[in-house]
Each structure stands twice: as structure tokens, then as C-alpha cells.
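Undergrad: Kindly generate the corresponding structure for this input.
(chains A and B)
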Amino acid sequence: MASYLVQRLAGTIPVLLLISLLVFLLIHAAPGDPTLLLLGEETNAAEVAKAKAQWGLDRPLYVQYLKFVASTLTGEFGKSFKYAEPVSNVIKARLPATIELAIFSIIIAIVLAIPLGVWAGSKPNSWLDNVGTTFGLFGISMPSFWLGIMLILLLAGVLNILPTSGRSTYGIAGPESTGFYLLDSLFQMNWKAVWDALTHICMPALALGVNMLGILMRVTRSSVLEVMNEEYVVTARAKGLREKNIVWRHVTSNALIPVITVVGLELGTLLSGSIIVETVFAWPGVGSLLITALNSRDYPLVTGIVITYTAAFVVINLVIDGLYAVIDPRIRY
Amino acid sequence: MQSLTLESATEKTPGLVSRLAPRLHAKAFTGGLIVLTFIVVGILGPALAPSDPNKQELTAMTKPPQGIGSLHVLGTDNLGRDVLSRVIYGARVSLLVAFAVVFISGLVGISLGAISGYFGGKTDFVIQKLVEVVWAFPPLLLGITIMAFLGQGLFNLILALVVQRWIPYCRVVRGQALSLRTREFVVASRCLGARNAQIILRHILPNVIQTSLVIGTFAMASAIIAEASLSFLGVGVPPEIPTWGTMLADARIYISTAWWLPLFPGLCIFVTVLGINLLGDALRDLLDPRLKRAGSGI
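TA: Take a look at the predicted model:
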């Protein structure tokens, strides 16, 4: 299996290189001059030429690309036009916010979807199943950004119980060490900051996780339905085990294999979803940074973010492939 | 305690299917009704809309919904434009984008998938590499990047959405074509002197069309959400064309003062996507239960 994973990992390198070329060309062919956008409309030709020389935009395109690949290999991605520092630093500063949000959404999705899916699947056509199925269908059909806006309208606007945007209230959080506000506050045992971070994260996390919640619930349900007909379940029932034990011990553990596949598959959608949900909640992560970078035509930053996202997506898929073998010993590479 | 005989265990499956049947009808009916309404509103938009969706009435800005029979049933926006008319016109854009994306990506995906699976070898290798590269992008991200490159526009938007959406068809059809090409009726047809193009058109395609129809239904739901997402982020259609996504984007700053502005366009996206998903579920259960087991399209 190790050799399979190494082979797969090596196979992703040409894919990533092709993607970097594609993104580089796409961004450079885009209308809009970054120098004009950053320096403003009232600059003179000399200033524009100076800025272009400084950012290397006056060189031929292939030189710019080679320079970009070289800086990518060092993990730097070049220098951001707007922030005037290495792209990797700009992304690194924002990454914990996105990861924290993604993890929290996955937790919300899993914690709600799996019990609901198991209940629904173990009692097909009961009222629980009907509630669960409707819930699942609503989840997959819900545009996450609209749910975000509606949550803001209801919980922040009308009921005024949660903050509308951002990661924390100014002045409450202690000094940053990991960049993950919840972890940092927990380590510092600053309970007020923990609560503050929780109130900020729950709305965006719910909005981001709702599609995954719906899909997971549906997959769990159909997987449980299928396993319920297996012979070992009939045997367990014949032995006189209680239905509750059968469902939670024998059925659920076997029904969870396809669920893990789906969690992996959906992580990509979650990553893309974070771009839009972060924009709705002004969450200072990589997703909202991408939109800012696109609007100001910050080439190195956009390319850096797209490659980071894509690399993350490729690696996640690889890890999920490896996980199958661990969870299901019948799978061998 | 249930009776536990071997017979009851084996009879369980058909029993389950017949018990689920009424639900299937309900799904198909509700989904079909929603989708039909969406199509009719989309096509007849200009005839149904009470006013021009871009007409600004500066004397009637941000008016709340006034109820059926009044001038502005769903209220007006910050520029005094009628929300109901804009929502109706928004359906047109969603309908156009969704159908165009599904049709073009289906055409591309099914053709490439059939060619890839039927011919195998180098052709298959090249097509599958292409699939791998395009599929390595997280969904939406590729759309955003392409739109940033092409600029706002309806045609560009369709293109940006097609770029990744042909892949599910291609993968599934390739798999089916791989197994179909060794089947007796294909081999027999080849022995009788049929050309490759003839075999693909007459024998491979008819066998993959049902599965593709199911994929297409779910692809339509995802295309509507993707269109709204891109328009919401400001990289979709130009601002002068009213769409549900741009309406939501415009409404963001008025969340606290005008609840109806984000409510109605979002509700339209949600209900339409819900209807399409219901229809897709019913179609899948009816045409291709294998897809459910494979976990795709869920």
C-alpha cells in the first residue's frame, strides 16, 4: 500500500504543474491591469513602468512563469503586489481561520447527520425517517450563502444573540500562538475568549456544513438500509439481541464505510464553499482573501491561493484513499 | 419481536420496495410540479412580470411586500425596482444557464466518455489525464478563476460551468462503454462490418442514456447553485441582468433593514434546487438504482 501511495503522490506532481501553468495563463490573460488598479487611475507612465519593473511584469510571460515555478518550489509563491510580502506568509496568516472553520463545519455535519441517518435508515418510513429524509433533502438543496444570510438576519438581526461577522470581538482574545482562536483560548484557559470564538464560528460553520450534513445524512440512511438486510444482522436478531444494540453496534459500524468516502469527496466542495461563506461572514480566511486578491488582480496571491487549495484537495483525496484500506481490510492496493 | 425465518429475511427486499413506492410517486409529483413551474415562469417571464425588472422608482424605494393584488407584491429594492419582476426574470437566467450547462456538458462528457471507453489505449489515456487535471480543481474555484479571466457575461458563465461539469458523465459513460464493448451485440455488429462511429451511436449511446439523464438532473441543480454563487461573488452575469445570485449580493448590505430583499431570491434558488433534486431522486430510483449503490449523485 505504501508503494501505491508513493506512486499516487508522484502522479500528482505533473497534475499540479499543469494546474499552475493553467492558472498562471488564465490570470495573466485576464482583463484589467494590476498596476493601474493598485496605483490608482491618476498615475503617470513613469510610475507605472517603475512598478511593472519592480514586480517583474515587464518581462516575457515565460520568464514570469519560470520565476513563478521557482518561487513555488521554494514554497514562497512570489511576492504579493498588494501586501508587499511573500505570498506564503499572507496565506499562512489566513490559513488557520479557514481550517478552523472547515473542521468545525465537518464536526457539526457529522454529529448531526450520522445519528439522524442511522435513525432514519433503521426505521424506514417511520416519522423519524420522514423527518430525516426531508432534512437531508433540504440540506443538499440549500445554497450555503443564502442560509448564511438568513442566519445573520434571524440570529444576529432579529434575536440579537450571535455576532454577524468576524472571528472574535476586539480585545477579548489573548496573544496568538497557533492562529486557531479556539485552541489558543483553550490553552490560555481564557474562557471568555473561548465562548466569544464559539459564538463567532457557529453561524458560518453551520452555513458551510449544511450541504455536507444533507449528503452525509442521505448516505448514512441508504447505507444503513442496505446493511439492515445483511445476514449477520438477521443472525444478531435471531440471537435475541436488542434492536438498539443491533443498530448501533452491528449496523452502524459497517454502514460507515461509504460515509467516510463521502466525507472525503465532500471536502473539496467544502473548500470551495468556504470561499463564498467566508465572504458572507467577513471571515478572515483564505477564501475571502481570494476574492480580495482577484478584485485587485494580485497575480501572485491569486495563483498561490488557487494552488494551495488545489494541492490541499489532491492531498485530501490521497489521504482518503489510504484511509479506506485502514477502515476496510478487504480493500488492498 | 419480529418473526425470524429465512423466508422472511429473503422476502424483505421486495416488501421494502413496495413500501417505498408511494414515496417515489410523491417525490416525482412534487419535484415535477416545482420544475414545471420553474420552466414555465422562466419561459413566460416577460408576460408574467408586473413591470420592467430594471425600472427604478425613486419614490418607492425599499418598500416591504404589500401582498397579492398590490403594485409591488414582494416589495421593492433599494433602487425602487420591483422584487417580484426581478425574481421572475432571475428564473429566466437560471433556466437558461442550467439547461445550457447540462446540455453542453452532457454532450461533451458522453461523447468523450464513450470514445474513451470504446477505443481504450492511448485515446483513453489522454482523455483520462485531462479528466484528472480538471477534476483536481476544487469545484467552484475553477469557475471563479475562469470568470476572472473571461470577465462577466452569460456566455462566459456557461463556459466556465461546463469546463468541470462534463466530467461526471465522462467517467460513468466510460465505465459503461468499457464493459459494453466486449458484449456480444457489439462484437456481432463489428463482425458484420459496422464502423466504430456506427457502433458508438447505435449500440453504446442508447445504453448509457438513462444513467446520463439521472446525472444530468443532479447536474442541473448544481449548475443553478453554481451560477447563483458566481453571480453572488460578482463574477457571474453583468449587474444589469437580474439574477437570483446578484439580487442576493445586492441585498447583503440591507439585511438589517429590508428582510425581503435576501429572502425571496434565496427562497427561489432553494425551492427550485429542491424540486430538481426530488425529481432526480425519483428518476434515479426508477431508471438506475445502481447509481444509488455506487454512491454517485447523492
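Undergrad: any idea how far the residue of the stretch 201-333 of chain A found nearest chain B lies from residue B:229?
TA: Among all residues of the stretch 201-333 of chain A, residue A:272 sits closest to chain B, at 3.6 Å; criterion: Cβ to the nearest Cβ. To be clear about C-beta, it is placed using only N, CA and C from the backbone, and glycine gets the same treatment. Distance from residue A:272 to residue B:229, counting by Cβ to Cβ, to the nearest Å: 9 Å.
Undergrad: again, but for residue B:118
TA: Distance, residue B:118 to residue B:229, using Cβ to Cβ: 35 Å.
Undergrad: just residue A:176 next, same as before
TA: 31 Å.
Undergrad: Would you mind telling me which of those two has more residues around it?
TA: Neighbour tally, residue A:176 and residue B:229, criterion other Cβ atoms under 10 Å in any protein chain shown: the higher count belongs to residue B:229, 27 against 11.
Undergrad: In contact with that one, which residues?
TA: By Cβ atoms under 8 Å, 6 or more residues apart in numbering or on different chains, the residues touching residue B:229 are A:143, A:145, A:276, B:140, B:236, B:245.
Undergrad: Backbone dihedrals for the one residue in the stretch 51-200 of chain B that gets nearest to chain A, please?
TA: Taking Cβ to the nearest Cβ, chain A has its nearest neighbour within the stretch 51-200 of chain B at residue B:140, 3.6 Å off. Main-chain torsions, residue B:140, degrees, to the nearest 10: phi 80, psi -40.
Undergrad: same check, this time on the one 5 residues further on
TA: Main-chain dihedrals, residue B:145, degrees, to the nearest 10: phi -60, psi -40.
Undergrad: gap between it and residue A:206?
TA: Counting by Cβ to Cβ, the gap from residue B:145 to residue A:206 is 28 Å.
Undergrad: And residue A:91, by the same measure?
TA: With Cβ to Cβ as the criterion, residue A:91 and residue A:206 are 26 Å apart.
Undergrad: and if you look at residue A:137?
TA: 17 Å.
Undergrad: then stretch A:261-272 to PDB, C-alphas only?
TA: Output in PDB follows, covering the C-alpha atoms of stretch A:261-272 (Å, rounded to 0.1, in the frame of the first residue of the first chain):
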ATOM      1  CA  THR A 261     -15.800   8.100   1.300                       C
ATOM      2  CA  VAL A 262     -18.400  10.800   1.100                       C
ATOM      3  CA  VAL A 263     -16.800  12.900   3.800                       C
ATOM      4  CA  GLY A 264     -13.600  12.800   1.700                       C
ATOM      5  CA  LEU A 265     -15.400  13.600  -1.600                       C
ATOM      6  CA  GLU A 266     -17.300  16.500   0.000                       C
ATOM      7  CA  LEU A 267     -14.200  18.100   1.500                       C
ATOM      8  CA  GLY A 268     -13.500  19.600  -1.900                       C
ATOM      9  CA  THR A 269     -16.900  21.100  -2.100                       C
ATOM     10  CA  LEU A 270     -16.400  22.400   1.500                       C
ATOM     11  CA  LEU A 271     -13.200  24.100   0.500                       C
ATOM     12  CA  SER A 272     -14.900  25.900  -2.400                       C
END
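Undergrad: Give me the buried positions along that stretch.
TA: Counting neighbours by 16 or more other Cβ atoms under 10 Å in any protein chain shown, one finds that the buried residues in stretch A:261-272 are A:261-272.
Undergrad: Looking at it now, give me its mean pLDDT.
TA: Here stretch A:261-272 scores 80 as its mean pLDDT.
Undergrad: Contacts for it, please.
TA: Here stretch A:261-272 has contacts from A:102, A:105-106, A:110, A:208-209, A:211-212, A:215-216, A:219, A:309, A:312-313, A:316-317, A:319-320, A:323-324, B:138-141, B:295, B:298, using Cβ under 8 Å, 6+ apart.
Undergrad: Now residue A:252. Nearest residue, chain neighbours left out?
TA: residue A:118 (5.4 Å; Cβ to Cβ, 6 or more residues apart in numbering or on different chains).
Undergrad: correct me, but the one you found touches residue A:246?
TA: No: look at residue A:118 against residue A:246 with Cβ atoms under 8 Å: they stay out of range, at 11.3 Å.
Undergrad: re earlier: contact partners for the residue nearest to residue A:252?
TA: Here residue A:118 is in contact with A:220-221, A:224, A:247-248, A:251-252, A:255 (criterion: Cβ under 8 Å, 6+ apart).
Undergrad: so which strand or helix has the residue in the stretch 51-200 of chain A that chain B sits nearest to?
TA: At 3.4 Å from chain B, residue A:146 is the closest residue in the stretch 51-200 of chain A, using Cβ to the nearest Cβ. Secondary structure assignment for residue A:146, by DSSP states H and E: helix A:144-151.
Undergrad: average pLDDT for that helix?
TA: Mean predicted confidence for helix A:144-151 is 92.
Undergrad: same deal with stretch A:23-34?
TA: 71.
Undergrad: Same check on stretch A:319-333?
TA: On average, stretch A:319-333 scores 67.
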